[in-house]
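S.K.: coordinates for the following, if possible.
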Amino acid sequence: MKTIEVIEKLREKISKKPSEFQAVEDLFEMIRIYENENPKAAHALNREVRSITAAQVKNNKNPVNISEKFYWLHKRSLLFDAPIDFDAYLQYVEFDREPSKRFYLPRRRIIKPIVDSLQQIEDDELDLLAISLPPGTGKTTLGIFFLSWQMGKYPDMPNLASAHSDKLTRSFYDGVLNIITDPEYLWKDVFPGVQIVGTNSKDETIDLGKPKRFKTLTCRSIDGSLTGATRSERILYADDLVSGIEEALSKDRLDSLWDKYTNDLKSRKKLGCKEIHIATRWSVHDPIGRLERQYEGNPRAKFFALPALNENDESNFDYDYGVGFDTKYFLDMRNSLDDVSWKCLFQNEPIEREGLLFPEEELLYYNGVLPDGEPDRKVSVCDIAWGGGDSLSMPICYVYGEDAYVVDVVFNNGDKEVTRPIVVGKLKQHLPHQTRFEANNGGDEYADKVDEMLRKEGIKLNITHRKAPSTASKLSRIIQAAPDIKKLYFLDKKHRSKEYSKFMKELTSFMQTGKNKHDDAADSLAMLTVLLEHPGGSVEIIKRPF
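M.R.: Numbering: from 1, shown residues only. Model prediction:
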């Protein structure tokens, strides 16, 4: 009987009773034999074994001795895949460590997509991978583990790791060396035939396999001399080439950094060498930003970014065992930083401060307490959106004399079935004297439906719709309205709703250079200033006809 036929019979048997240890162990042994015939299929089948063993370790119905057998079989199964599967390597190399002290497993459910992207580098599906995560979330440690894996697989191929400082590159050197030499890690189990033939802490080099001129790993800062020091055949690894906010704010310094990268780092690459960039996204002119433009549309380049908070203001990095950051931590950081620093450091959204049209510090704010008495006018405008990333934006404004307060907003990227009830609810709450909808792209029909929904509840409001003028671009209209927008009073951070906060974040990151993914907040405020200045109709004094 052929090996694959035996494997299929065992799989069928296990599907009926997965807790039968002997059948699962027999399957694993047959898969190991099958590797000689079809390596790719064998390792794919072994992932089934890993799934079965992991489930049976947790199966409370199993006797303790059976659970223990599955535990050790799971370890053997991981080892079988570890040389070719980065996810299995990460699990195996820390297998003997205390669960709470492990790097990978507490973070696996969140960073697995990044691990899969790094696997694409190994599988020659990608030539360039950029990873952007908030500070302290493990991106550099993950990169160090990846280097240790690649060095074990390809000990005779040199790699180059660089950063903005010697202190950081020294951490690469120490981290990789620790994984390779510390018995707490099982690196030698995965690569038993690979020997260390040389280390140099001063030069920050590690050499594996055969002694050679260009070492298996050379760590050198971007300002360090690389002439004659190394070549990079397997991995060019760049981690935080930008030193910080001062460098990020200087276009000249970023231009100089790009020259260093292209002349000193990239020129070390040999044919077939892969690039990995890990960094905080400070600027559209930083190395990752320029690479993103250079490789736009290239399927062999991937730019992975995971923000601190998701669209619901929930933490993306609430790791197990408390090694990550919960929502409360990130919300506190957001309240402590200006919007631009928050977006760059924690949301991976680079913004050029010098191009901002509505910098946070140039806007007016109030504490949620309005002047005494009834407002002279209550107005609102609505910039319609139909989902797909754009947001319906409806600021609601109370006017007291010369001062106008944006008391509330609707800012939602749902479709019309989601946004209409919200819009109706806000109009019922505030009862504005005048509401204007932008009529473009079906906005007039949207406004008529809102009016119909309100009238069914016995509420009659002045609702109009008007097409945006076609004589000027949207950007021009927003720039023209900017001085009036800066005269409006906005709620301060402590008194904003979630939607109001999103609205303000989009507004304060609006670029007058035109490099904006979304302009809904700014566009709706431009509409609002027009309505405030020209509420509609005109007054003319004429001679009394009788």
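
S.K.: what helix or strand does residue 303 sit in?
M.R.: Residue 303 belongs to strand 301-305 when assigned by DSSP states H and E.

S.K.: mind listing what's buried in that strand?
M.R.: Neighbour-count burial for strand 301-305 flags 301, 302, 303, 304 (criterion: 16 or more other Cβ atoms under 10 Å). Any C-beta I mention is one placed from the backbone N, CA and C, and that applies to glycine too.

S.K.: who are the packing partners of that strand?
M.R.: Under the contact definition 3 or more Cβ pairs under 8 Å, 6 or more residues apart in numbering; DSSP states H and E, strand 301-305 sits against helix 108-122, strand 128-132, helix 287-294.

S.K.: quick one on the thing from earlier: can I get the buried residues of strand 301-305 in JSON lines including distance to residue 23 and pLDDT?
M.R.: Output for the buried residues of strand 301-305, formatted as JSON lines (distance: Cβ to Cβ, whole Å; pLDDT from 0 to 100):
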{"residue": "301", "distance to residue 23": "45", "pLDDT": "97"}
{"residue": "302", "distance to residue 23": "40", "pLDDT": "97"}
{"residue": "303", "distance to residue 23": "45", "pLDDT": "95"}
{"residue": "304", "distance to residue 23": "40", "pLDDT": "94"}
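
S.K.: tell me which residue is most central in the chain.
M.R.: Among the residues of the chain, the one closest to the centroid is residue 306, at 1.7 Å (Cα atoms, centre = their mean).

S.K.: now the strands for the stretch 201-350 of the chain?
M.R.: 205-208, 217-219, 235-239, 274-278, 301-305 (DSSP state E, counting those that start in this stretch).

S.K.: so which of these is the most surrounded?
M.R.: strand 217-219 (a mean of 28; mean count of other Cβ atoms under 10 Å).

S.K.: the inter-axis angle of the strand holding residue 303 versus helix 287-294?
M.R.: Angle of strand 301-305 versus helix 287-294, following axes from the mean of the first three to the mean of the last three Cα atoms, to 10 degrees, is 130 degrees.

S.K.: sheet partners, orientation included, of strand 301-305?
M.R.: Sheet pairing here is set by DSSP bridges, and for strand 301-305 it gives strand 128-132 (parallel).

S.K.: just the buried positions in stretch 305-321, please.
M.R.: For stretch 305-321, burial by neighbour count (16+ other Cβ under 10 Å) applies to 306, 307, 308, 309, 315, 316, 317, 318, 319.

S.K.: circling back to that earlier point, would JSON lines of the strands of the stretch 201-350 of the chain with distance to residue 40 be doable?
M.R.: Formatted as JSON lines, the strands of the stretch 201-350 of the chain follow (distance: least, Cβ to Cβ, whole Å):
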{"stretch": "strand 205-208", "distance to residue 40": "26"}
{"stretch": "strand 217-219", "distance to residue 40": "29"}
{"stretch": "strand 235-239", "distance to residue 40": "23"}
{"stretch": "strand 274-278", "distance to residue 40": "21"}
{"stretch": "strand 301-305", "distance to residue 40": "22"}
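
S.K.: and of those, who's closest to residue 340?
M.R.: With Cβ to Cβ as the criterion, residue 340 lies closest to strand 301-305 of the strands of the stretch 201-350 of the chain, at 16.5 Å.

S.K.: may I have that closest one as CSV, with CA atoms only?
M.R.: Only the C-alpha atoms of strand 301-305 are listed here, as CSV (Å, rounded to 0.1, in the frame of the first residue of the first chain):
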residue,chain,number,x,y,z
ALA,A,301,5.8,44.5,-2.2
LYS,A,302,3.6,44.7,0.9
PHE,A,303,3.1,47.5,3.4
PHE,A,304,1.6,46.3,6.6
ALA,A,305,0.3,48.7,9.2
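
S.K.: next, the angle helix 108-122 makes with that strand.
M.R.: If you take the same axes, to 10 degrees, strand 301-305 sits at 160 degrees to helix 108-122.

S.K.: report the angle between strand 301-305 and strand 274-278.
M.R.: In terms of direction (the same axes, to 10 degrees), strand 301-305 departs from strand 274-278 by 20 degrees.

S.K.: strand 301-305: how far from the chain's middle?
M.R.: Taking Cα atoms, centre = their mean, to the nearest Å, one finds strand 301-305 lying 9 Å from the centre of the chain it belongs to.

S.K.: does residue 441 really touch residue 388, like I thought?
M.R.: No: in this structure, residue 441 is not within contact of residue 388 by Cβ atoms under 8 Å, at 11.7 Å.

S.K.: hmm, back to that, closest to residue 18 among the buried residues of stretch 305-321?
M.R.: Closest approach to residue 18 among the buried residues of stretch 305-321 (Cβ to Cβ): residue 319, at 29.4 Å.

S.K.: surely that closest one touches residue 105?
M.R.: No: contact criterion Cβ under 8 Å: residue 319 and residue 105 do not qualify, at 9.7 Å.

S.K.: give the buried residues for the helix or strand residue 73 falls within.
M.R.: Counting by DSSP H and E, the element that carries residue 73 is helix 64-81. By neighbour count on 16+ other Cβ under 10 Å, the buried set for helix 64-81 is 66-67, 69-70, 73-81.
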